[in-house]
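Novice: Just a sequence and a predicted model for now, questions to come.
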Amino acid sequence: MKQLVAAFSIVVAILLLIACSGDNSSKNAIIGEWKLTYWSADVSMDLNNDGLENVNLLRETACTNNEILSFDSNGIVSSENTFNPYVIISEFNNAAAYSVNVECAEGIIGFATDYLYDNVNENVQIGESTTATIDEGELTIVYEDAIEIYNTELTEVVATKDLTKVYTKQ
C-alpha cells in the first residue's frame, strides 16, 4: 500500500511540474524586448519636408525614439525611456486637413507595472487599464481619444483621435 501511495505521489508531482512548465511556456511569446516601431494619431503628415506624407510620426520627426518595453517572466513590464513627444494637431480651415506641430520631449520618462498575458486571445493586460494585442510579432496598444484636435486658433478642442503604438519583438 505504501508503494502505491508513493508511486501516486510521484505521478502527481510530475503532472504538477509539467503543468507549471506549460504555463511558463505560454508566457514565452510575450517575454523579451519590444521596440516601438509605429506611433500614430492616424493623421497623414510631412513634417520632415521630404515630399512624402506618413501617418507614422516616427518616420516624420527627428525626435529620438529609444522606447523598448521589457516583459519579464515574473509578470512585470518596464520601459526606461518612453517616446513622449508634445504633439499639437489643429484643423486647417475646419476641413479634414490638419496642421501638426511636434516638439521632442526632453528627459527620460520610465515606468514599471504588472502585466497578465492571455495566450488564448493573444492579448496582454498592462497595469489596470491598458490592453495590448499581439499579432505576428507585433504588439499593438490603442489609447482611445488620447490625441486632442484643436480649432485653428488653438483655443478649443474640437475632436479627438486615437493614439496607436505598435512594438516589434526584438
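Specialist: That came in fine, so what should we check first?

Novice: Would you map the helices across this protein?
Specialist: Along the chain, counting by DSSP state H, helices occupy 2-27.

Novice: and the residue nearest the centre of it, what are its bridge partners?
Specialist: The residue at the geometric middle of the chain, judged as the C-alpha nearest the mean C-alpha position with Cα atoms, centre = their mean, is residue 141 (4.3 Å). For residue 141, the residues forming beta bridges with it (DSSP bridges) are residue 132, residue 165.

Novice: Pull the number of nearby residues for residue 30.
Specialist: The local packing count at residue 30 equals 25, with neighbours defined by other Cβ atoms under 10 Å. Quick note: C-beta positions are derived from backbone N, CA and C, even for glycine.

Novice: got the buried residues for stretch 135-152?
Specialist: Counting neighbours by 16 or more other Cβ atoms under 10 Å, one finds that the buried residues in stretch 135-152 are 139, 141, 147, 148, 149, 150.

Novice: Could you double-check that the residue nearest to the centre of the chain lies in contact with residue 129?
Specialist: No - contact status for residue 141 versus residue 129: not in contact, 11.0 Å apart, counting by Cβ atoms under 8 Å.

Novice: residues contacting the residue nearest to the centre of the chain?
Specialist: 126, 130, 131, 132, 164, 165, 166, 167 (Cβ atoms under 8 Å, 6 or more residues apart in numbering).

Novice: Tell me which residues touch residue 150, please.
Specialist: Taking Cβ under 8 Å, 6+ apart as the criterion, residue 150 is in contact with 88, 89, 90, 91, 156, 157, 158.

Novice: can you redo those as JSON lines with distance to residue 32?
Specialist: Rendered in JSON lines, the data for the contacts of residue 150 read as follows (distance: Cβ to Cβ, whole Å):
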{"residue": "88", "distance to residue 32": "35"}
{"residue": "89", "distance to residue 32": "33"}
{"residue": "90", "distance to residue 32": "39"}
{"residue": "91", "distance to residue 32": "41"}
{"residue": "156", "distance to residue 32": "44"}
{"residue": "157", "distance to residue 32": "38"}
{"residue": "158", "distance to residue 32": "41"}
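
Novice: Residue 75: which of those residues is nearest?
Specialist: For residue 75, the closest of the contacts of residue 150 turns out to be residue 89, at 35.7 Å, with distances computed as Cβ to Cβ.

Novice: who's that closest one bridged to?
Specialist: The residues listed as beta-bridge partners of residue 89 by DSSP bridges are residue 100, residue 149.

Novice: neighbours of it, just the number please.
Specialist: The local packing count at residue 89 equals 19, with neighbours defined by other Cβ under 10 Å.
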